[in-house]
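Trainee: give me a 3D structure for the following:
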Amino acid sequence: MASGNLSHVTTFILIGVSERPELQVPLFFIFVVNYAVTVTGNVGIITLTSIDSQLQTPMYFFLRHLAIINLGNSTVIAPQMLVNFLLEKKTISYYGCATQHGGFLVFIVAEIFMLAVMAYDHYVAICNPLLYMVVVSRKICILLVVLTYIYSFSTALTVTSCVFSMSYCSNVINHFYCDNVPLLALSCSCINMPETVVYISSATNLFFSMKIVLVSYFRIILAIVRTRSAEGRQKAFSTCASHMMAVTVFYGTLLFMYLQPQSNHSLNTDKMASVHYTLVIPMLNPMIYSLRNKDVKEAARRVFIKPFKTFKSM
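Mentor: The predicted model follows:
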């Protein structure tokens, strides 16, 4: 069932991160640790920003939703991948593949625009501090998050419907999850429409989100340069340093994928980049936002460490 006209495919075979049998168990343990750290870190951020009274600001409201998105993105991919490391036949059902593909798109598109929303939030906080709570009010925060989720769901529904409208010549996906490019490579039918939808969607999302990020940080940098006091510059920089690092890592990976020369482009390269932005970045973001953030570290002491010490002394 690996080749020929498979218009009515019921299952797909995922090649995985590597085809080498001796690497399956070591890779399983590596990614189990990765997923455990991802879940722990993001659930920790969600918990802190939900219950600690000092973290009830727009910045941490958006950070909570970024953690939800990171947790969702990793959870859509990691469990199936971990199971497949231990199985000889790495299969996923047609509808399971479509669900994974749609779920991945929901969270990756949501992450792209949540990072843009956070960049705008930092811009308002640094460049218009007196109007901050008016411009980024509770209603505006909720509206921005709801619009991000609605847009990501509609994008995922549109793209997934187009990609899974094709007939297939093979059911072997050269990837560790159901992604656009390897699925398009399996098609027997004309892929002009699905391919156009995929690339227009990807280019549009990247362009507009990066434009928001770049314009926001250009104005933030101008504001920091114009600040006369060293203390003011340090405070402004510390406000957005963690987000700048997260944005650089995330967009750097996406640009590496989309801007590399076609002659150097391969599905194996895509796999490595995909590991980075679906599994590594969701693990790194809680570390980036907690290790460099005094408010988060103090909240962690209040919520997790102080009650434990009190219980231990009883």
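
Trainee: next helix or strand past whichever strand or helix holds residue 245?
Mentor: Element membership for residue 245, per DSSP states H and E: helix 230-259. Later in the chain than helix 230-259, the nearest helix or strand by DSSP H and E is helix 267-275.

Trainee: quick one: contacts of the helix or strand following that following helix?
Mentor: Later in the chain than helix 267-275, the nearest helix or strand by DSSP H and E is helix 281-291. The contact list for helix 281-291 (Cβ atoms under 8 Å, 6 or more residues apart in numbering) reads 34, 37-38, 41-42, 44-45, 63, 66-67, 70-71, 73-74, 242-243, 245-246, 249-250, 253, 296-297, 300. For every residue, glycine as well, the C-beta is placed using N, CA and C.

Trainee: buried ones from those, can you make that a ChimeraX selection?
Mentor: To isolate the buried members of these in ChimeraX, using 16 or more other Cβ atoms under 10 Å:
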select :34,37,38,41,42,44,45,63,66,67,70,71,73,74,242,243,246,249,250,253,296,300
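
Trainee: for residue 11, grab phi and psi.
Mentor: Residue 11 adopts backbone torsions of phi -140, psi 150, taken as degrees, to the nearest 10.

Trainee: go on, the one 4 residues further on?
Mentor: For residue 15, the backbone dihedrals (degrees, to the nearest 10) come out as phi -60, psi -40.

Trainee: in the stretch 1-150 of the chain, which segments are predicted with low confidence?
Mentor: For the stretch 1-150 of the chain, the stretches flagged by pLDDT under 70 are 1-7.

Trainee: same thing but 50
Mentor: Low-confidence segments of the stretch 1-150 of the chain (pLDDT under 50): 1-3.

Trainee: all helices for it, in order.
Mentor: Along the stretch 1-150 of the chain, counting by DSSP state H, counting those that start in this stretch, helices occupy 24-51, 58-85, 94-127, 132-135, 138-163.

Trainee: with distance to residue 182 as added columns, please give those helices in CSV.
Mentor: As requested, these are arranged in CSV below (distance: least, Cβ to Cβ, whole Å):
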stretch, distance to residue 182
helix 24-51, 19
helix 58-85, 14
helix 94-127, 10
helix 132-135, 43
helix 138-163, 10
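
Trainee: so which of those comes closest to residue 218?
Mentor: helix 94-127 (9.3 Å; Cβ to Cβ).

Trainee: check which residues of that closest one are buried.
Mentor: In helix 94-127, the ones that count as buried by 16+ other Cβ under 10 Å are 94, 97-98, 100-127.

Trainee: got it, and stretch 141-159?
Mentor: Neighbour count says stretch 141-159 has 141, 144, 145, 148, 149, 151, 152, 155, 156, 159 buried, by 16+ other Cβ under 10 Å.

Trainee: so for stretch 276-283, mean pLDDT?
Mentor: For stretch 276-283, mean pLDDT rounds to 91.

Trainee: let's see that stretch as CSV, backbone CA atoms only.
Mentor: Extracted in CSV, the C-alpha atoms of stretch 276-283 (Å, rounded to 0.1, in the frame of the first residue of the first chain):
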residue,chain,number,x,y,z
HIS,A,276,13.2,23.0,16.6
TYR,A,277,9.9,25.0,16.3
THR,A,278,7.4,22.3,17.3
LEU,A,279,9.4,20.7,20.2
VAL,A,280,12.4,22.7,21.2
ILE,A,281,11.0,26.2,21.2
PRO,A,282,7.9,25.2,23.3
MET,A,283,10.4,23.8,25.8
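
Trainee: buried sites along it?
Mentor: 276, 277, 278, 279, 280, 281, 282, 283.

Trainee: go on, stretch 84-96?
Mentor: Within stretch 84-96, the residues scored as buried using 16+ other Cβ under 10 Å are 84, 85, 90, 92, 94.

Trainee: and stretch 225-237, by the same measure?
Mentor: Of all the residues in stretch 225-237, those buried under the rule 16+ other Cβ under 10 Å are 227, 236.

Trainee: roughly how far is it from the heart of the chain?
Mentor: Chain-centre distance of stretch 225-237: 31 Å, with Cα atoms, centre = their mean, to the nearest Å.

Trainee: cool, thanks, signing off.
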